[in-house]
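Novice: from the sequence below, what's the structure:
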Amino acid sequence: MLSEEGCRGRKSRLWEALPREVQWVLLADPRHVNYLSGFWVNPVSFSSGERGFLYLERDGEAVLLCDNFTLKSAIGGAFVDRTIVEPWYDHRHGVPNRDQVLFRALERIRDRLRPASGLLEAEWLPLGALEALGWPAEASPAGGPTSRPSLGSLLRSLRRRKDPDELELLRRSMRAGEAGHRRARELVRPGIGELELYREIQSAALEELGSPALVYGDFRATHPALPKAGGPPTDYRLREGDSFLCDFSVVVAGYRGDFTATLAVGAPTTGQRELHSLCRAALSSGEEALKPGAACRDVYQAVAGVFAAAGRPEAFPHHAGHGIGLGHPEAPAFVPESEETLGSGEVVTLEPGIYVEGIGGIRTEHNYLVTPAGCERLTRHSLEL
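Specialist: Take a look at the predicted model:
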């Protein structure tokens, strides 16, 4: 769970970033409701995919709006002054439209939502919510003059710098992920299936975490005829000479690390060792570039330049890393045409990968906290083949 102190600090930074005439905001993106209040619906509960709204006043209260079953499915409690709970299901009556129930909760504060003085998170608030507020369809969904900032974009910008409570959740995710990586190394061998490996990785990660969580990512074998593959596991069974790509995240109260190792199936081939050495060199080069004020395109070039110098620029086809936190990927992105710069307090990945027909694919990845002095590596898993 996020902390009350952290949520309070993030709300203060939001109000500092908004024009003074904005006196209230209504948040609908579940990630931003979590970011500012700690309210997060357990993704492995029967309310998975449901959400609440968060109403904040600059000099007043914070109000969570949700239905009764969504509230019961939350991980921990919300740091708000008041919760408006609208009944959805009571085991006596039929099951109504759950979205309409949430809109009914919104109607209970409609008199406080004056368009001229506030902002809606327009990216996530549906037309039905505007109708529940009695606003005309042509009303500005942002809740005011077009010169005001996009609430969703502003929050995404604020999310880049991580607070201590956010870092704690990220570290918990990473420790769980590392347990999954260790289990994969114990089991990778010819004949084992991708799905079997995924189940064992997931089990080890959840045992380390001590609670249910989503575990998602790339759990795929590559080989000389298929050098690049990704996504959930299939029914494929590993063969001698394959590489197993282990690139996944464990979601802890909405936050997730994201790191990778590639494991040789059987003794590593000469080609696999060559590609692995290039990835390790590219990772080291990228690490040296991570510091506050660095241009993200320069970090990309630090990684990509290693492959170019080895005569394999085309074999590195993707970004060199990205931000992580409540989303995947988040800003900033290490790509060749980025206009972004790094800031202290951001948590990012570096993930050089190389994919060559006739050999296979190799990818490595660590997570880092950008510090005033450079960077701190947060992940501890082995990158050995």
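
Novice: check what pLDDT the closest residue to residue 38 other than its chain neighbours gets.
Specialist: Take residue 38 and drop its neighbours on the chain: the residue closest to it by Cβ to Cβ, 6 or more residues apart in numbering is residue 2, 4.3 Å away. No exception for glycine: its C-beta is placed from N, CA and C like everyone else's. Looking at residue 2, its pLDDT is 97.

Novice: dump the C-alpha coordinates for the helix or strand containing residue 220 into CSV.
Specialist: In the assignment (DSSP states H and E), residue 220 maps to strand 215-222. Taking C-alpha atoms only, strand 215-222 is exported to CSV below (Å, rounded to 0.1, in the frame of the first residue of the first chain):
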residue,chain,number,x,y,z
VAL,A,215,2.5,-11.8,-13.1
TYR,A,216,2.7,-10.9,-16.7
GLY,A,217,5.4,-10.5,-19.4
ASP,A,218,7.4,-12.5,-22.0
PHE,A,219,7.9,-16.2,-21.2
ARG,A,220,9.0,-17.4,-24.6
ALA,A,221,11.7,-19.5,-26.2
THR,A,222,13.7,-18.2,-29.2
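
Novice: what strands line up against that strand, and which way round?
Specialist: Counting by DSSP bridges, the strands paired with strand 215-222 are strand 243-252 (antiparallel).

Novice: tell me the contacts of the residue nearest to residue 38?
Specialist: Shown in contact with residue 2 (Cβ atoms under 8 Å, 6 or more residues apart in numbering): 34-35, 38, 79, 165-166, 169, 253.

Novice: same thing but at 10 Å, please
Specialist: Shown in contact with residue 2 (Cβ atoms under 10 Å, 6 or more residues apart in numbering): 10, 34-40, 75-76, 78-79, 163, 165-166, 168-169, 253-255.

Novice: of the residues you listed, just the buried ones, ChimeraX syntax please.
Specialist: This is how ChimeraX selects the buried members of the contacts of residue 2, with burial counted by 16 or more other Cβ atoms under 10 Å:
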select :10,34,35,36,37,38,39,40,75,78,79,163,165,166,168,169,253,254,255
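
Novice: gap between the lowest-mean-pLDDT helix or strand in the chain and the chain center?
Specialist: Least confident helix or strand, the chain: helix 127-133 with a mean of 87, by mean pLDDT, DSSP states H and E. For helix 127-133, the separation from the chain centroid amounts to 29 Å (computed by Cα atoms, centre = their mean, to the nearest Å).

Novice: who does the helix or strand following it touch, helix- and strand-wise?
Specialist: Using DSSP H and E, the helix or strand that follows helix 127-133 towards the C-terminus is helix 151-158. Applying 3 or more Cβ pairs under 10 Å, 6 or more residues apart in numbering; DSSP states H and E, one finds that helix 151-158 contacts helix 4-17, strand 24-27, helix 30-37, strand 118-120, strand 330-333.

Novice: alright, I will stop here.
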